[in-house]
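Asker: How does the following fold in three dimensions:
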Amino acid sequence: MSSTTTTNKAGPASAQQAQQSNAKPGLRKPVFIKVSDLRPGTSGHTLVVKVISSTTVLQKGRSVSQHLRQTRISECLIGDETGTILFTARNEQVDLMKPDTTVILRNAKIDMFKGSMRLAVDKWGRIEVTEPANFVVKENNNLSLVEYELVSVVEE
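Answerer: Residues are numbered from 1 along each chain as shown. Presented below is the predicted three-dimensional model:
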């Protein structure tokens with residue numbers, strides 16, 4: 001009869017890692033960025049911005065079917081001390097985006113509309129109204145006025 005013994009050569013460090021991998025991963029600290037850092041086709045942004053103005057673009061009432069709810073879309077000019085951008089607010093978001101309100105946009109993404117950037121928060125993001133910020137919005141740097149063109153690059 002032969003007896004086999006196994007020893008843990010990895011040591012206590014890997015036992016700790018194994019224990020941590022079973023636990024839920026901790027939430028990441030949000031990295032707040034400025035409006036001037038936004039680029040086309042990017043997402044996952046967290047920003048603190050002031051709402052400058054809000055204009056209703058689309059408002060459809062109730063349909064014949066009760067399953068369809070009211071659709072409201074507003075374009076809001078938002079900004080911080082580095083610049084401004086148009087934000088597309090949908091349905092319940094319209095009520096939060098009132099002029100002179102300071103909001104935190106979490107997991108915001110850039111949508112392209114007619115070649116220009118629009119910021120939006122979809123179902124995976126969040127809008128929080130917060131205490132008034134103490135910055136002055138730089139209104140002469142509107143990123144939504146910059147027109148982008150998609151260029152295909154052929155590699156040979």
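
Asker: Tell me how many other residues surround E81.
Answerer: Neighbours of E81 under the rule other C-beta atoms under 10 Å: 15. All C-beta spots, glycine's among them, are computed from the backbone N, C-alpha and C.

Asker: any idea how far it lies from H45?
Answerer: 16 Å (C-beta to C-beta, to the nearest Å).

Asker: Next: T102.
Answerer: As for T102, its distance to H45 is 16 Å (criterion: C-beta to C-beta).

Asker: cool, R118 as well?
Answerer: Distance of R118 to H45, given as C-beta to C-beta: 13 Å.

Asker: Any chance you could list residues touching both of these two?
Answerer: By the contact definition C-beta atoms under 8 Å, 6 or more residues apart in numbering, R118 and H45 are jointly contacted by I110.

Asker: which of the two has more neighbours?
Answerer: Using other C-beta under 10 Å as the criterion, R118 and H45 rank with H45 on top: 23 against 17.

Asker: which residues in this protein form helices?
Answerer: 12-22, 93-96 (DSSP state H).

Asker: how about H45, what does it touch?
Answerer: By C-beta under 8 Å, 6+ apart, H45 lies in contact with 33, 38, 105, 107-110, 119.
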